[in-house]
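In: output the structure for:
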Amino acid sequence: MGNEDKNVANEAKPVLSKTESTGSKVLPEDTDYKMAKRNLGCFFVGSEGPRHRTSRLLSNSEQLPDCELPPEVEEGNIEYKLKLVSPNPSRLEHLVTQMKWRLREGQGEAVYEIGVCDNGRMAGLCRHEMNASIDTLRTMAKLADAECIVLKEFRVLNDRAVKDCDVPPVARQAWTEEGKSKVVEKPKYVCEVLIRRSQDEGCLWTDLRIAMLGNVDAGKSTLCGVLTHGELDNGAGKARLNLFRHLHEIQSGHTSSISREILGFDKHGRMFNYENHSIESILDCSSKIVTLIDLAGSQKYLKTTVFGLTGHCPDYAALVVNSKQGLVGTFREHMGLTVALRVLSFVCITKIDGTSPATLRRCRQQIEGILKSPAVRRPAFPVNSFSEAEQAALHIKERTPVFMVSAVTGENLPLLHHFLSRLQPALSKEEQAEAQQAAPRFSMDGVLSVTGQGTILTGLVTKGSIREEDTLLLGPFEDRTYQEVKIASIQCNRMPRRLAKCGQMVSLAFHNLDRTPRKGMILQCPSYESYCVQEFTADIYILQHSSSSKLKPGFEATVFIDSIRQKVEILQMEKEISTGQKAKVKLKFVQYPDLICVGARLFFRNGRTKGMGTVVDILKIPSTIVRNSASYDAEILRKPDETTLELLENATELPQTAPQPVGTAPELNSSLAVLQTEDLAGDTISSTSCTPHHTTGDATDAADPSRADSSGAAGTDSTDSCCSESGDMMKHQAAADEQEMILEELI
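Out: Presented below is the predicted three-dimensional model:
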């Protein structure tokens with residue numbers, strides 16, 4: 001025992017070797033430790049990154065004898081542990097859950113202070129207990145799919161962390177000469193350990209979005225239900241009930257809305273779904289999250305299906321075919337959408353358990369024929385083994401994988417699982433890195449109103465990362481303005497998050513959003529140019545049109561650009577075109593301006609007329625920014641129109657019939673409410689200006705009877721004596737002074 005203490009006292013070198021023997025990584029003092037500390041800059045006070053309130057790291061101090069730690073807080077990524085010696089299985093499970101929470105708070109990284117009490121007092125541990133605690137921490141990290149790195153180790157003297165050279169000689173002698181003199185106490189240590197997720201760049205998972213397409217009764221919802229819940233169907237549609245959102249969907253068995261469900265895969269290819277895991281467990285155990293987007297197959301819900309493809313930006317599309325029916329209904333139309341929007345696809349032939357071999361063979365021949373057509377040019381690749389499933393995932397850009405599955409018997413479902421586990425995002429690593437490093441931008445596809453939370457926006461993070469308390473610009477609104485808003489909270493896959501990364505579908509709540517947004521708006525960093533577009537030029541291609549006429553200027557259709565869905569009108573075109581022809585056209589948004597970029601893909605339809613194209617030029621309209629948290633009504637009042645400015649300059653010469661300003665904010669609020677009610681009534685395509693108009697003198701008189709009496713008396717006594725004229729001038733002057741005071745108060 002004495003020899004061990006002597007070795008420990010010698011510059012603490014044996015301490016590091018013993019720690020290394022536990023399997024944890026130890027960073028040298030001069031190089032790797034400083035590098036790790038620099039990489040952990042997001043955890044230090046005053047820097048960007050996860051919030052940890054008043055917590056502070058043990059190594060974040062130049063004067064170690066004066067180093068003190070504040071009490072532990074529940075939030076943040078820093079955890080204090082006195083010791084972790086041989087915990088029982090129940091205690092170990094609780095510790096692993098706690099570690100996952102700290103990792104989530106730290107965006108994939110957490111810091112453990114071993115030998116520190118919850119109140120911040122450094123009690124320290126002896127060498128044996130410290131090694132056992134680090135062993136337990138390494139076991140916890142392995143269960144949480146993380147790695148354990150020892151950052152720094154200090155001695156403890158009088159509840160303070162000190163270096164070996166700072167230990168007084170008397171105490172040093174008492175520690176090192178256990179057998180010859182009275183032992184004051186055994187040497188104790190505190191240790192700082194970094195826990196880091198195994199995934200690259202601290203990303204908790206890779207998010208993959210797959211849209212489910214196909215005709216009615218093809219089995220899209222049933223296949224989604226079986227994949228995400230792990231329970232086979234009973235042949236009567238039991239599995240699809242987990243995805244339906246409305247009563248009429250349950251009654252009819254047909255999807256009419258967009259629903260999303262997830263399943264996860266770890267780095268070894270093991271699948272996690274709702275069969276034995278909660279959504280939190282799926283997110284914690286998975287390195288890849290596959291989001292299945294169930295879309296409608298009926299023709300009357302085609303606009304919802306198109307919006308799901310354009311607004312959700314799926315990486316891939318699963319074309320589901322009923323083996324008993326073949327290529328009927330909307331299948332060809334949905335395949336045309338994937339080709340037009342350049343979404344890679346694979347085919348799933350369902351219900352093979354009740355199909356004869358001849359019918360199944362005929363269905364496969366139809367699919368192979370359409371995949372060989374000049375419009376698609378991606379030949380079929382039947383998948384019948386795990387090796388073929390892996391090859392299909394690697395070469396999906398050149399060939400179209402074809403699976404034959406049954407949701408009732410489970411036949412070939414493991415092949416589909418293996419294929420999904422091997423699929424990679426459609427964007428390359430370089431494109432992902434470029435999008436991740438860009439400034440944040442969020443494309444909105446849904447607006448919700450939650451009691452107690454206000455307005456919630458749902459959509460896709462298309463660029464950069466969004467954090468809580470970030471200040472971004474939301475717009476453009478109908479009046480061509482952007483409002484500055486502050487993020488209050490973030491949810492991803494129904495779980496609260498501090499950070500939303502590029503490619504994730506999230507929900508956002510705000511601190512100061514006092515206007516009603518709409519689908520298709522953009523939430524972006526202030527560094528982006530704030531503008532809106534009313535007119536733009538595009539190269540279009542007609543997929544289908546009436547054979548008796550051609551497309552001409554004045555034609556109106558509904559256009560889909562990302563999450564934008566709005567009616568457009570053709571203003572000009574270089575030539576009249578019909579089915580299978582191309583042209584450059586000038587388009588105009590009919591309802592209100594929106595934000596689009598050059599190069600954006602578009603799809604438009606009007607009845608049986610359908611076409612696709614690319615935006616090649618835009619006419620930018622400068623937009624103003626509301627940068628404060630005051631109400632929008634007050635912001636409008638800060639911008640008087642030309643008539644009001646003229647009245648301010650010539651207040652003493654105000655004519656009797658001059659328009660009067662709005663007197664109170666409640667009157668303005670009521671007028672805005674009327675305008676919004678008129679805009680929201682029905683499904684009109686005409687836009688009403690939100691700028692309030694000043695009321696006339698009659699309206700002001702009705703609101704103020706005393707003023708009406710005064711103006712009325714002035715009008716009827718115009719032929720009185722000079723005293724009467726002098727009184728009228730005084731009344732006019734008083735009215736002008738009163739109006740000037742009102743305008744100054746409003747401005």
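
In: is residue 456 within a helix or a strand, and which one?
Out: strand 454-463 (DSSP states H and E).

In: what's that strand packed up against?
Out: Under the contact definition 3 or more Cβ pairs under 8 Å, 6 or more residues apart in numbering; DSSP states H and E, strand 454-463 sits against helix 302-312, strand 441-450, strand 505-510. Using the backbone N, CA and C atoms, a C-beta is placed for each residue, glycine as well.

In: show me where the chain dips below the pLDDT cut-off.
Out: Flagging of the chain using pLDDT under 70 yields the residue ranges 1-68, 107, 158-185, 198-205, 628-747.

In: residues contacting the closest residue in space to residue 315 that isn't next to it in sequence?
Out: Once flanking residues are discounted, residue 315 sits nearest to residue 426: 4.1 Å by Cβ to Cβ, 6 or more residues apart in numbering. Residue 426 is in contact with 315, 316, 343, 344, counting by Cβ atoms under 8 Å, 6 or more residues apart in numbering.

In: and those, which is closest to residue 376?
Out: residue 344 (11.1 Å; Cβ to Cβ).

In: just to check, residue 383 is in contact with residue 392?
Out: Yes: counting by Cβ atoms under 8 Å, residue 383 touches residue 392, with 5.3 Å between them.

In: okay, and the common contacts of these two?
Out: Contacts common to residue 383 and residue 392, judged by Cβ under 8 Å, 6+ apart, are 401, 419.

In: host element of residue 483?
Out: With DSSP H and E as the criterion, residue 483 is inside strand 481-492.

In: neighbours of the nearest residue to residue 510 once chain neighbours are set aside, just the number please.
Out: Leaving aside its sequence neighbours, residue 510 sits nearest to residue 485 (Cβ to Cβ, 6+ apart; 4.9 Å). As a burial measure, residue 485 scores 25 neighbours (other Cβ atoms under 10 Å).

In: and the helices in the stretch 351-500 of the chain, which stretches?
Out: Secondary structure of the stretch 351-500 of the chain (DSSP state H, counting those that start in this stretch): helices at 357-371, 386-394, 413-422, 429-437.

In: in the longest one, which residues are buried?
Out: Pointing back at helix 357-371 there. Neighbour counts over helix 357-371 (16 or more other Cβ atoms under 10 Å) mark 360, 363, 364, 367, 368, 370, 371 as buried.

In: next one: stretch 335-349
Out: Those would be 335-341, 343, 345-349, for stretch 335-349 by 16+ other Cβ under 10 Å.

In: can you get me the start-to-end distance on that stretch?
Out: 14 Å (Cα to Cα, to the nearest Å).

In: can you check stretch 551-560 too?
Out: Terminal residues of stretch 551-560 are spaced 18 Å apart (Cα to Cα).

In: identify all contacting residues around that stretch.
Out: Stretch 551-560 has contacts (Cβ under 8 Å, 6+ apart) with 303, 306-307, 310, 542, 545, 565-573, 576-578, 583, 587, 590, 602-606, 609, 611.

In: strands - which of those land there?
Out: Among those, the ones falling in strands (DSSP state E) are 542, 565-573, 583, 587, 602-606, 609, 611.

In: nearest to residue 494 among the buried residues of helix 357-371?
Out: residue 367 (35.8 Å).

In: in contact with the closest one, which residues?
Out: So residue 367 contacts 321, 327, 347, 349, 380, 402 (Cβ under 8 Å, 6+ apart).

In: and with 6 Å instead?
Out: By Cβ atoms under 6 Å, 6 or more residues apart in numbering, the residues touching residue 367 are residue 347.

In: got it, and residue 617?
Out: By Cβ under 6 Å, 6+ apart, residue 617 lies in contact with residue 537.

In: next helix or strand past the helix or strand harbouring it?
Out: Using DSSP H and E, residue 617 maps to strand 609-622. Going down the chain from strand 609-622, the next helix or strand is strand 624-626, by DSSP H and E.

In: which helices and strands does that next one pack with?
Out: strand 481-492 (3 or more Cβ pairs under 6 Å, 6 or more residues apart in numbering; DSSP states H and E).

In: now the strand it packs on against strand 505-510, angle please.
Out: 120 degrees (axes from the mean of the first three to the mean of the last three Cα atoms, to 10 degrees).

In: from the rest of the structure, what touches strand 481-492?
Out: So strand 481-492 is contacted by 468, 470-471, 473-475, 497, 500, 504, 506-513, 515, 530, 623-627 (Cβ under 6 Å, 6+ apart).

In: filter these to the buried ones?
Out: Neighbour counting with 16+ other Cβ under 10 Å marks 468, 470, 473-475, 497, 500, 504, 506-510, 513, 515, 530, 623, 626 as buried within these.

In: residue 281 should be in a helix, yeah?
Out: Yes: Residue 281: assigned to a helix according to DSSP: H, G, I helix; E, B strand; the rest coil.

In: what's the nearest residue to it if we skip its chain neighbours?
Out: Per Cβ to Cβ, 6+ apart, closest to residue 281 is residue 272, 7.1 Å.

In: which residues are in contact with that neighbour?
Out: Residue 272 touches 264, 282, 285, 286, counting by Cβ under 6 Å, 6+ apart.

In: now the second one: how far from residue 433?
Out: Distance check for residue 282 against residue 433: by Cβ to Cβ, to the nearest Å, it reads 26 Å.

In: the more surrounded of these two?
Out: residue 282 (23 against 13).

In: OK, contacts around that one?
Out: 264, 272.

In: go again with 7 Å.
Out: 262, 264, 272 (Cβ atoms under 7 Å, 6 or more residues apart in numbering).

In: what about the second one, neighbour count?
Out: Applying other Cβ under 10 Å, we find 24 residues neighbouring residue 264.

In: checking it next. Helix, strand or coil?
Out: Assignment for residue 264 (three-state DSSP): strand.

In: surely it touches residue 289?
Out: Yes: counting by Cβ atoms under 7 Å, residue 264 touches residue 289, with 5.3 Å between them.

In: mutual contacts of those two, please.
Out: residue 283.

In: if we can go back for a sec, including distance to residue 87, could the helices of the stretch 351-500 of the chain go into TSV?
Out: Shown next, in TSV, are the helices of the stretch 351-500 of the chain (distance: least, Cβ to Cβ, whole Å):
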stretch	distance to residue 87
helix 357-371	56
helix 386-394	39
helix 413-422	33
helix 429-437	38
